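Undergrad: kindly generate the corresponding structure for this input.
(chains A and B)
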Amino acid sequence: MLERVKLTLGRLGHNFINGVWRVGAMTRFFFLVLAASGTSVRRFRLVMREVYFSGVLSLIIIVVSGLFIGMVLGLQGFQTLQRYGATESIGVLVALSLVRELGPVVAALLFASRAGSAITAEIGLMKATEQLTAMDMMAVSPMSRVIAPRFWAGVISMPVLAAIFSAMGIFGGYLVGVVLIGVDNGAFWSQMQAAVDFRYDVLNGVVKSFVFGIAVTVIATFEGFDAPPTAEGVSGATTRTVVSSALTILALDLVLTAFMLRGDA
Amino acid sequence: MRFPLASRQPSRVSEAPLVEVDAVQFGYGRSLVLKGISMRIPRGKVVAIMGGSGCGKTTLLRLVSGQLKPTAGSVRLAGETVHELDREGLYRMRRRMSMLFQFGALFTDLSVYDNVAFPLREHADLSEEMVRDLVLLKLEAVGLRGAHNLMPSELSGGMARRVALARAVVMDPMLVLYDEPFAGLDPISMSVVGSLIRRLNDALGATSILVTHDVVESMQIVDYLYFVADGRVVGEGTPDEIRASATPVVHQFVHGETDGPVPFHYPAPDYAADVGLGAAKEIAHA
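TA: Take a look at the predicted model:
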């Protein structure tokens, strides 16, 4: 019995130390990526190529999810607002929910699942098949040529994807609220315009998605670069990317929201 | 078993060596893979490092290319101590050498043409016309000019190895390292890759180091061989000398004998005891 408790405590301690080590290694990795970003600036087409793979190819899932979430918000919001006789405010509800929270957070979660996992798998497989070593042997730094362009592509793509997600969500809310249920078109848009503040709502949402973009791409590239060069290693790294990214996004969202609300007050 | 002190004696291939490995030790964790290994690779020659799986051949190649640092001893390449170079120095040195990996390590998102053009585009400030001429020249040399539009996934193992070879020599390196260049190839591809290694080495005036355990193919193309076992050089010489070697481990390897200094069985407890036959006998006697 005592042995089991000792074993469990030992495992917990090991996992905790390992977790702290990984956070430290990831932070160091982040600074190394920043230091190796010169090539990405000089040869920006390398970044644009990755923007296509990470951003453009994620558009379908972002557009469709945004539309459906906006429609659901419209339906749920209408039902609640109807009790208070404030159905014209449905535009405000949909827009604020999306621009402040759902847009950046859900878009980042989808980005982590679609693009983050792909980045990890690609880098992990490049490592397993010695492509990264081959590049290093050609005196070409994999950090500059492979990692940094993917990192900056993620950082650029994320706010744009979040904005598209929010726009599609608002359009979904419009379809349900105005076209389907019959809320007044003018009230829908004018109330939204009056209530949504560019500085505190829109810009804060952009800041959030920018931070999430950094977090997701650092996690995705680090996990790929650090993956053991085996099928099992790459599969584990891909899973870790999705799980760690989701938890990091939600934790960062809490911290950022707390800071932003304080500024708002 | 007597290990010949090949490393300590002046080698017969010692004139103007390009690579000098001197009393190098290296280990992963606590287990020592290389135990004071020494060798000299002269300029312009094709030299093979042979030995069984796990004897440290690939580790040696990684030490020469600066991917690993020795725990003791030194590796010198063209007069420079490899493990003392900083990253910039290492990259400067690597621009004059190249490595062919066991399975080619072609970039899977690039076509054959772009794979071969990759080092040129990264390091040489050449016009696209010039890059095209050089790439097609190298692909012609390996017989795959017609395959320049294919993707790596469309190539057979032998073709991929030849494309990787074209990429390895596109910058006209002074040293080419080959990690198991014959692994997994059919006899025709093996013969093609073997003759290409020899021809390209002579045409470029380069030096080649082959890490391999393919006796027949490598003996046909190399000038000199080092035989590594248990982290040490246990034999060296020309192909004929190695074929005639009386050193037991070299003899067993060259002639493919199943048992000898390298045992057939991995160390294990007594077989009868392990499968319970000892206990059964005791019961029968009782």
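
Undergrad: mind checking which helix or strand the residue positioned nearest the centre of chain A is in?
TA: Central residue of chain A (Cα atoms, centre = their mean): residue A:108, 2.1 Å from the mean position. Remark: residue A:108 resides in helix A:103-111, with elements defined by DSSP states H and E.

Undergrad: with only the CA atoms kept, save the next helix or strand after that helix in CSV.
TA: Once the chain leaves helix A:103-111, the next helix or strand it forms, by DSSP H and E, is helix A:117-128. Once non-C-alpha atoms are left out, helix A:117-128 reads as follows in CSV (Å, rounded to 0.1, in the frame of the first residue of the first chain):
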residue,chain,number,x,y,z
SER,A,117,-1.7,19.2,-35.8
ALA,A,118,-0.7,19.3,-39.5
ILE,A,119,2.4,21.4,-38.7
THR,A,120,3.4,19.1,-35.9
ALA,A,121,2.9,16.0,-38.0
GLU,A,122,4.8,17.5,-41.0
ILE,A,123,7.8,18.6,-38.9
GLY,A,124,7.8,15.4,-36.9
LEU,A,125,7.9,13.3,-40.1
MET,A,126,10.6,15.5,-41.6
LYS,A,127,12.6,14.8,-38.5
ALA,A,128,11.8,11.0,-38.6
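
Undergrad: can you list the residues of the stretch 1-150 of chain B near chain A?
TA: The stretch 1-150 of chain B comes close to chain A at residues B:65, B:67, B:90-92, B:94-95, B:97-99, B:101-103, B:105-108, B:118-119, B:122-123, as judged by Cβ under 8 Å from any Cβ of the partner chain. The C-beta positions use only the backbone N, C-alpha and C, and glycine is treated the same way.

Undergrad: among those residues, which are located in helices?
TA: B:90-92, B:94, B:118-119, B:122-123 (DSSP state H).

Undergrad: what about residue 151, neighbour count?
TA: Unless you meant another one, I'm taking chain A. Neighbour count of residue A:151, defined by other Cβ atoms under 10 Å in any protein chain shown: 29.

Undergrad: the intended chain is chain B.
TA: The burial count for residue B:151: 14, using other Cβ under 10 Å.

Undergrad: mind listing what it touches?
TA: The contact partners of residue B:151, by Cβ atoms under 8 Å, 6 or more residues apart in numbering or on different chains, come to B:108, B:111-112.

Undergrad: same question, residue B:200
TA: So residue B:200 contacts B:141, B:165, B:169, B:176, B:206 (Cβ under 8 Å, 6+ apart).

Undergrad: may I have the phi/psi pair for the last one?
TA: Backbone dihedrals for residue B:206, given as degrees, to the nearest 10, come out at phi -90, psi -180.

Undergrad: what of residue B:230?
TA: phi 50, psi 40.

Undergrad: so the residue lying closest to residue A:128 once chain neighbours are set aside, which of the three states?
TA: Leaving aside its sequence neighbours, residue A:128 sits nearest to residue A:229 (Cβ to Cβ, 6 or more residues apart in numbering or on different chains; 4.0 Å). Using DSSP: H, G, I helix; E, B strand; the rest coil, the structure places residue A:229 in coil.

Undergrad: what residue lies at the spatial centre of chain B?
TA: residue B:211 (2.1 Å).

Undergrad: and the pLDDT at the residue lying closest to it once chain neighbours are set aside?
TA: Once flanking residues are discounted, residue B:211 sits nearest to residue B:57: 4.2 Å by Cβ to Cβ, 6+ apart. We have a pLDDT of 85 for residue B:57.
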